[in-house]
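Student: okay, predicted coordinates and the sequence, questions at the end:
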Amino acid sequence: MSTTGLVNRSGIAIAADAIDAFAAGLAGRVIRPADADYDSARRIWNATIDRHPGLVVRPLGTADVIAAVTFARQHDLLVAVRGGGHNVAGRGLCDGGLVVDLSLMRGVLVDAASRTVRVQGGATLGDVDRETHLHGLAVPTGVVSRTGIAGLTLGGGVGWLVRKHGFTCDNVLAFELVDASGEHRTVSATEHPDLFWALRGGGGNFGIVTSFTFEAHPVKTVLGGLIVHARDQAGAVLRYYRDFMKTAPLELTAYAALLTTPDGHPAVAVIPCWCGDMAEGERAVAPLRQFGSPLMDAVQPMPFPVMQSMLDDAFQDGTRNYWKSTFVKALDDDAIDTLVGHANRMTSPLSAVVVEFYAGAASAVGPAETAFAQRQAEYDIGFMAQWTDPAEDATHTAWARAAWDAMQPFSSGGFLLNFLSEESPDVIRAAFGSNYDRLAELKRKYDPTNFFSLNQNIKTAA
Ligand SMILES: Cc1cc2nc3c(=O)[nH]c(=O)nc-3n(C[C@H](O)[C@H](O)[C@H](O)COP(=O)(O)OP(=O)(O)OC[C@H]3O[C@@H](n4cnc5c(N)ncnc54)[C@H](O)[C@@H]3O)c2cc1C
């Protein structure tokens, strides 16, 4: 009997023969620290995260997930759950414990007649778009195609269709879940409705989702792309964007971003995505395109999956990242001037400040109808520090923190769960907002020992 890198919560090593017996019972596989692909298995999108799990399990299906939860319970292991590996805080990894890595479970099955899509828990947004697009359908998800559908959906999920079709979690019809006791549950409006409420915005607190069933919508071609202005126009462009979006049809979602162009020029971009009739879209988007003197206008009709991957290059795997965001009560002139001032002090050309406007279908759902409470504040402001040199970590992190601090007078006190880096319990509580206490009750009911602890963790109610 030899020991391994896998230790339990008390730091006691798990014997190799116990791991061998567990591995032999899986249809999928395990990756141990000595294996050649261990280092790639512990690499995630954000390169500032450097953790050494004791064992990585790659299930092939629900039975393997149940086996992994059972094994972890028997040996009192710390467990992390990894979908697409894009959580900014790196909560899909742990040190010493067990990672349940769903990257072999990426199946997507579309039922075009019922406009429903069954998606396994390790799929990326790109996996979903690739299959739904064949049928002229789309599920509202996020804006970078390599992001995991699981983490994104459980945290809410916001993207180019948000104003017309709501948050990703608003489009879930059912979940297949393995809970903290290793039991498989089908969760929907009629089966375990309390869990159905909690999973739509409650993060990874309640179990491992092995598959989602989504409602899809007829979206094939969209009118989208970047309209880029010089940075010295940022104040005027953001004021126009704010006023324009107030009366824009729900088919139009548009973000604004303060960024640096690939050739090094500070810029401000407006990025519209129109998901309705093309001729109507051309008319609706025209004023945004005609405002001021853009350096570039790349807005054009494009297949939805092209829109969905348009920003991929700006968020490359293996860069170093630190994000802060806050909802604001209103995007008034002082708020705009403050955020532009901080964007102008950006310390890395890879960083960005992003302004996102959600009002529409997302705010038509009440804050207590799902676990995702942040539905009233309309603008989310994200400070996304991104760089490559580890020696610069402190500089770029400090920039994002200072920008976020400066925006606090304008903050609604709400935060988007999906965009949190490592945060205090107070910020996590504020992100769940008015739903926190109900979530804590359900955490006590479904996960009383906090087996699923590596997430935006909800403490069990006393
Ligand atoms: C480049 C980039 C772009 C992004 N764009 C958007 C966007 O447009 N809209 C948006 O809303 N968010 C966006 N996000 C945020 C993103 O939604 C969250 O970071 C989310 O957690 C990523 O999910 P993942 O599965 O890739 O993450 P992982 O790191 O794999 O998992 C994160 C957490 O999710 C939980 N989890 C993952 N899989 C499962 C599962 N199968 N069952 C149960 N729990 C699970 C676990 O708690 C885990 O700790 C973006 C993030 C990045 C890095």
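Tutor: On my side now, so go ahead.
Student: could I get the full set of strands for the stretch 201-350 of the chain?
Tutor: Using DSSP state E, counting those that start in this stretch, the strands assigned to the stretch 201-350 of the chain run over residues 208-215, 217-218, 221-224, 227-230, 252-260, 266-274, 296-297, 300-303, 320-328.
Student: and the second one, which strands flank it?
Tutor: Applying DSSP bridges, strand 217-218 is found paired with strand 137-138 (antiparallel).
Student: now do the strand it pairs with: distance to the chain's middle.
Tutor: Centroid displacement of strand 137-138 relative to its chain, using Cα atoms, centre = their mean, to the nearest Å, is 19 Å.
Student: quick one: contacts for residue 51?
Tutor: Residues counted as contacts of residue 51 (Cβ atoms under 8 Å, 6 or more residues apart in numbering) are 42, 90, 93, 94, 95. (C-beta placed from N, C-alpha, C; glycine too.)
Student: check whether the closest residue to the second one other than its chain neighbours sits in a helix, strand or coil.
Tutor: Using Cβ to Cβ, 6 or more residues apart in numbering and skipping the chain neighbours, the partner closest in space to residue 90 is residue 49 (3.1 Å). Remark: residue 49 carries the secondary structure label coil [criterion: DSSP: H, G, I helix; E, B strand; the rest coil].
Student: so residue 49 sits against residue 95, correct?
Tutor: No: the pair residue 49 / residue 95 is not scored as a contact, 10.6 Å apart, by Cβ atoms under 8 Å.
Student: pick out the residue nearest the middle of the protein.
Tutor: Nearest to the geometric centre of the chain sits residue 152, at 3.4 Å (Cα atoms, centre = their mean).
Student: and the pLDDT at it?
Tutor: Per-residue pLDDT puts residue 152 at 98.
Student: redo the strands of the stretch 201-350 of the chain as CSV? Include mean pLDDT, distance to residue 345 and mean neighbour count.
Tutor: Conversion of the strands of the stretch 201-350 of the chain to CSV gives the following (pLDDT from 0 to 100; distance: least, Cβ to Cβ, whole Å; neighbours: other Cβ atoms under 10 Å):
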stretch, mean pLDDT, distance to residue 345, mean neighbour count
strand 208-215, 98, 40, 24
strand 217-218, 98, 41, 14
strand 221-224, 98, 30, 24
strand 227-230, 98, 17, 21
strand 252-260, 98, 11, 23
strand 266-274, 98, 11, 25
strand 296-297, 98, 24, 14
strand 300-303, 98, 34, 14
strand 320-328, 95, 15, 23
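Student: out of the ones you listed, flag the one nearest the ligand.
Tutor: Each of the strands of the stretch 201-350 of the chain has some distance to the ligand by Cβ to the nearest ligand atom; the shortest is strand 208-215, at 3.8 Å.
Student: neighbouring contacts of stretch 326-335?
Tutor: Contacts for stretch 326-335 (Cβ under 8 Å, 6+ apart): 238-239, 242, 355, 374, 377-381, 404, 407-408, 410-416.
Student: tell me the pLDDT at residue 330?
Tutor: 89.
Student: got phi/psi on residue 424?
Tutor: When read as degrees, to the nearest 10, the backbone of residue 424 gives phi -70, psi 160.
Student: what about residue 173, which helix or strand?
Tutor: strand 172-178 (DSSP states H and E).
Student: neighbouring strands of the helix or strand following that strand in the sheet, and parallel or not?
Tutor: Later in the chain than strand 172-178, the nearest helix or strand by DSSP H and E is strand 184-188. Applying DSSP bridges, strand 184-188 is found paired with strand 172-178 (antiparallel).
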